[in-house]
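J.: here are the coordinates; sequence isn't available:
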């Protein structure tokens, strides 16, 4: 992990949950971290804590994402790692009853936001024949869940988008992967539990892993030890993966 010293890392959705923990983990590993999120106050406080750069940004806005990455590169140098983490669970609603505007907003963030990150980061990484892009995925990308039509559809699209990006940019030396963390003890789980819809909402709070586990997994995925998983999605539910990362004995 010492190879992260001085590396330039951008994390979207960095204001809370997995994104905030990832910022702490990467900064502790010596990386120069750019923190992107809509909540300017939260990322400003986190940037002060970890010594990073906070850039208020809505990933649903392609121009804002490109400008944010340019701002980080102007401050720290060429981008080495992009973590596409920003995501929302709302709306939790049956398709027949879902609000179209809210449904579209989910797609804008969870799917188009990943595209916007890829579109902004890939040209430079391809030109330099280096770089890592990891998209935080979900079991919902592969399993239909009641009330999660927008989230399932967006995550499925993002997972396929990562696979396409690997086909296109992998030959140039860009490492592209996905991480499916399982259920994580974040604010998103509070919203899911409150909805009372589908079996995920019935899980006990202690069933969820801590947010630092996927954060540490993301750091490990940037190392050569994870090279065999290029173009693939790693499932943090698997004990063999947890052991390899060092999360369990």
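T.: Done, it's in. As the structure is a computational prediction, the values presented were derived from the model and not from experiment.

J.: now do the strands in this protein.
T.: Under the criterion DSSP state E, the chain contains strands at 8-12, 32-37, 53-56, 81-84, 132-136, 175-180, 233-235.

J.: let me know which of the ones you listed is the nearest to residue 121.
T.: Counting by C-beta to C-beta, residue 121 lies closest to strand 81-84 out of the strands of the chain; the figure is 4.5 Å. The C-beta positions use only the backbone N, C-alpha and C, and glycine is treated the same way.

J.: could you pull out the helices for the protein?
T.: If you assign secondary structure with DSSP state H, the helices in the chain sit at 17-28, 40-50, 62-76, 100-110, 112-128, 149-169, 187-195, 212-221, 239-245.

J.: where's the residue most central in space within the chain relative to residue 197, distance?
T.: Centroid-nearest residue in the chain, with C-alpha atoms, centre = their mean: residue 85, separated by 2.0 Å. As judged by C-beta to C-beta, to the nearest Å, residue 85 and residue 197 stand 24 Å apart.

J.: circling back to that earlier point, could I get the strands of the chain as TSV with distance to residue 202 and mean pLDDT?
T.: TSV is the format used below for the strands of the chain (distance: least, C-beta to C-beta, whole Å; pLDDT from 0 to 100):
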stretch	distance to residue 202	mean pLDDT
strand 8-12	30	98
strand 32-37	30	98
strand 53-56	36	98
strand 81-84	29	98
strand 132-136	23	98
strand 175-180	20	98
strand 233-235	21	97
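
J.: so how many other residues sit close to the residue nearest to residue 157 when sequence neighbours are not counted?
T.: Here the nearest residue to residue 157 in space, its sequence neighbours aside, is residue 111; by C-beta to C-beta, 6 or more residues apart in numbering that works out to 4.5 Å. Around residue 111 there are 22 other residues, counting by other C-beta atoms under 10 Å.

J.: residues contacting residue 111?
T.: Residues in contact with residue 111, defined by C-beta atoms under 8 Å, 6 or more residues apart in numbering, are 153-155, 157-158, 161.

J.: is there a quick ChimeraX command that grabs whichever of the residues you listed are buried?
T.: Those of these that meet the burial criterion (16 or more other C-beta atoms under 10 Å) are gathered into one ChimeraX selection, given here:
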select :153,154,155,157,158,161
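
J.: could you name the residue of the chain that is farthest from its center?
T.: Most peripheral residue of the chain (C-alpha atoms, centre = their mean): residue 96, 29.2 Å.

J.: measure that residue to residue 25 for me?
T.: As defined by C-beta to C-beta, residue 96 lies at a distance of 41 Å from residue 25.
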